[in-house]
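Peer 1: Turn this into a model:
(chains A and B)
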Amino acid sequence: MPPNSLANQLISLTQSTPATSTHQSALPARKLPGSLEANPRLGHWLRLEPNGVVVITPGKVEIGQGILTALVQIVAEALDVSPARIRLLPASTGHSPDEGVTSGSRSIQESGLALRHVATEVRDLFLDLAAARLDVSIEQLIVDDGLIRASNGTEVSYWDLYSPELFAREASLEVVSKRPADFTVVGTSLARIDLQAKVTGQAAYVQDLQLPDMVHGRISRPPGPGACLIAIDVSSVERMPGVLAVVRLGRFLGVVAAREEQAIRAERRLAGLAQWAAGPELPSSDPRELLQWPAETEVISERGTLGAVEMSGAQQLRAEYTKPYLAHAALAPSCAVAKFSGEQLQVWTHSQGIYPLRGDLAATLGMAPSDIVVTHMEAAGCYGHNGADDVALDAALLARAVPGRAVRVQWMREDEFGWEPLSSPMVVQLAARIDEAGTIVDWDYALWSHAHSTRPGGRGGVNLLAAWHLEPPLPAAIPGNPPLPAGGSHRNAIPLYDFPNQRITNHLIRRSPVRTSSLRALGGHANVFAIECFMDELAHASGADPVAYRLRHLKDMRARAVIERVAAMANWQPHVGSDGECGRGIGFARYKNLAAYMAVVAAVRVAETVQVTHVWAAVDVGQVINPDGLKNQIEGGIVQTVSWTLKECVQFDRQGVSTRNWETYPILQFGEVPAVTVELISRPDMPPVGAGEGTQGPVSAAIGNALYHALGVRLRDLPFTRERVIAAMSS
Amino acid sequence: MALELMVNGKLHAVSAEPETPLLYVLRNDLGLVGTRFGCGLGQCGACTVLLDGVPVQSCNLPLDAVAGRAITTVEALAPAQALHPLQAAFVAEQAAQCGYCTSGILVAASALLARTPEPTDLQIRQALDAHLCRCGTHVRILRAVHRAARVLRGEQDAA
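Peer 2: From the prediction side, this is the model:
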């Protein structure tokens, strides 16, 4: 994740100010918006093709979030062409700007605002040319779907005026964007550009790529991250039908076969033949293990002095919250295709970062990055750093054994659950003092977590699974966190509430028994869960209504607006007791403290099972590009988080992850899905910010608070399984 | 060895071991990649096809169990260049995010609507309960199936 997230936010703010003011603000170090600053050449983003086609080449990738549709809308709006004219090229290191990683709900800010700027400037260039060609002033021109008409009745199209040299220049700072009030495409629910192919079963994913003479590979992994390969005789595998190569490199073991089922059978045989020495025993997967290990401790926010205010009648509350290891659990196991042609390597991948992946592949394979072309193709939704990058190296290592042949490697279900990076467990300890009126005077917050960022492109090593299994192994990059204000494990640890005295302490435990990396919302999930449940505890201790209690501690008007809206949507009634079975709770956050505002009410019913029956959400993302796409993201985030909250927990045996299929790692099913109601608070003049990750913390908290309302017992350890609810009620 | 399979109304001769799961033959031999691999364990529903009109998971269904029986995949839900009302409804309702689970759900829903033209919410949930969707688009999927059912019953298409 690039370290300049705040910078990008600020840039997007300056870019979105009305056109008249952009010329006046003569800041000395103005930058181009989003990813354009690092990739300023216009032709790197956009070009025209004959027959009225506009080609755009963003470096961000589709991961099921509908981003490409939103980018098409932004370009169509700024360029004044129909969305149907716009073709997207898949992101590739062969032709796309380096936009880092598609993550952190930053694609609209980084790619969208860059493309908006490029398209606006391109439109201006064409208007200049048209004015000269038609011998009129620019004011006498209008654009209609790429056709420029002059008031004297003459006309010329973008395509008449286009030459590639025209875009062989860097973007200029002086571009005046269209006013949001004039938008006709942005802000509408343009249909997703990719769904037609998906509903008709066409090739849509890297899993579906079929190249001439393509063959199939599978990897035989160790029983756990620390296991060593003592011995294996592969000769019987080499004689199996269809087997083309068996690859052994240190403790990396794989097979290439002509047919997919042959590769699977050969891998099973390899697994049976390999003799592994067990590695060091893993600790328990209990999140409280975190408290046992040495940590790097940093106070990340301090305001006032805790305990300084002397009070009679004050109450002090303490609580500890935890979340377990979670899996991304993509529906499709990770997959990649790789092919060596002479010294050149081509890789097709669903990585979220084609350039960082290319760098780590080059370092592992001892190649120049310029000899590798990494091209993105879609796969199933990933929600963070899963096995996508790792399987690309697997495919490259196998492809090296069969030069000239494309090798497709797809992990099996147990590989994905067993080896994908996990979301770190977290522990949060809170203490607060409230005065007689219930107002929070002191807020003391401490969190413990492993790192949330071990994607390729890290410092001091390579972040690809197979690289660590080679002989000699490559070192792993140092696990870390994106810096604040976005943050990693400390994302959203600093509350948005206005407390006079507060201290927020981050305990980072870099070494983890299994690899941890980013999952949707990163630490923002557990931090918001803990903050918002504890706010509920304090509200109840004060005898206050949880909605009113939040508003009392919150000045930010946009924050107050989403809370008030969701309370109205859910017909929230203060001080209504429960029947012992049903309850309601609220949760709120501003994602990363600088992106989407989200307030959620959850309704639960506890009978034979723990059931979330309805979730309401009010959301403010500033300018909305595609309302239905945005709602889809929010609804999906809500349902996925209900699943995390009620069901999900990765477990270990002594060697590795033991929850390796959908029976041992169950997720929410159709019969369990709540009704979901989402409302958007539209602010067309505010910068657009991402929303894909805003729901996680508020939803878990709202469910926890609803369970307290229903049952009168406080559950503080995720997930809230039936067993845990029964245990809490009987204790 | 050669086996004959009846897929989407056409007879295909395929050379594969009889215990090979049907899924790999559909995808790699017949190029019908709309049927997706999700788990290989019959737990997620992404690979669902119709076998004599009944939804089955093809990832652990051996070839020799399906020889001579009618297999229908997502590609044959509608005639070429046309959309089944379910497919149209899934687009209209944006009832997908990544779309990886969509094929299997469409196939299962088509079997449901063939036998139950006016399903209740509960009936749809039950028919799809074996299908996992990680993106969380269930609510939209339920809406899309209701919408397609209305169209199939001859009612006007509207959200």
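Peer 1: Distance of the closest residue to A:A171 other than its chain neighbours relative to B:D64?
Peer 2: Nearest residue to A:A171 in three dimensions, chain neighbours excluded: A:P40, at 4.9 Å (CB to CB, 6 or more residues apart in numbering or on different chains). The way it works is simple: take the backbone N, C-alpha and C, and place the C-beta from them, glycine included. Distance, A:P40 to B:D64, by CB to CB, to the nearest Å: 61 Å.
Peer 1: cool, and A:A559?
Peer 2: Taking CB to CB, one finds A:A559 at 62 Å from B:D64.
Peer 1: and those two? which has more neighbours close in?
Peer 2: Applying other CB atoms under 10 Å in any protein chain shown to A:A559 and B:D64 shows that A:A559 carries more neighbours, namely 21 against 13.
Peer 1: SS state for that one?
Peer 2: helix (DSSP: H, G, I helix; E, B strand; the rest coil).
Peer 1: now the chain, which segments are flagged as low pLDDT?
Peer 2: All of this is about chain A. Along chain A, segments meeting pLDDT under 70 span A:1-29.
Peer 1: Please refer instead to chain B.
Peer 2: For chain B, the ranges with pLDDT under 70 are B:1, B:159.
Peer 1: And the strands in it?
Peer 2: B:2-7, B:10-15, B:48-51, B:54-57, B:70-72 (DSSP state E).
Peer 1: just those: most buried one?
Peer 2: Of these, the one with the most neighbours on average (mean count of other CB atoms under 10 Å in any protein chain shown) is strand B:48-51, at a mean of 24.
Peer 1: And chain A, is it touching that?
Peer 2: No - using CB under 8 Å from any CB of the partner chain, strand B:48-51 never reaches chain A; the gap is at least 10.6 Å.
Peer 1: which residues touch that strand?
Peer 2: B:22, B:26, B:35, B:55-58, B:61, B:66, B:69-74, B:103-105, B:107-108, B:110-111, B:131 (CB atoms under 8 Å, 6 or more residues apart in numbering or on different chains).
Peer 1: Kindly tell me how buried the residue nearest to A:P495 when sequence neighbours are not counted is, as a neighbour count.
Peer 2: Counting by CB to CB, 6+ apart, A:P495 lies nearest to A:I531, which is 5.2 Å off, once chain neighbours are set aside. Number of residues near A:I531 (other CB under 10 Å) recorded here: 26.
Peer 1: A:I531 and A:A589: what is the separation?
Peer 2: 8 Å.
Peer 1: what's the overlap in contacts for these two?
Peer 2: In contact with both A:I531 and A:A589: A:492, A:697, using CB under 8 Å, 6+ apart.
Peer 1: Let me see the contact set for the residue of the stretch 201-350 of chain A found nearest chain B.
Peer 2: Relative to chain B, the nearest point of the stretch 201-350 of chain A is A:G201 (1.9 Å; CB to the nearest CB). A:G201 is in contact with B:32-35, B:73-75, B:103, counting by CB under 8 Å, 6+ apart.
Peer 1: next one: A:V255
Peer 2: So A:V255 contacts A:217-218, A:220, A:237, A:243, A:245-247, A:263, A:266-267, A:270, A:398 (CB under 8 Å, 6+ apart).
Peer 1: that older thread, does the residue nearest to A:P495 touch A:Y445 like I think?
Peer 2: Yes - contact criterion CB atoms under 8 Å: A:I531 and A:Y445 qualify, at 7.5 Å.
Peer 1: How many residues are close by A:L249?
Peer 2: 14.
Peer 1: Cool, thanks, talk later.
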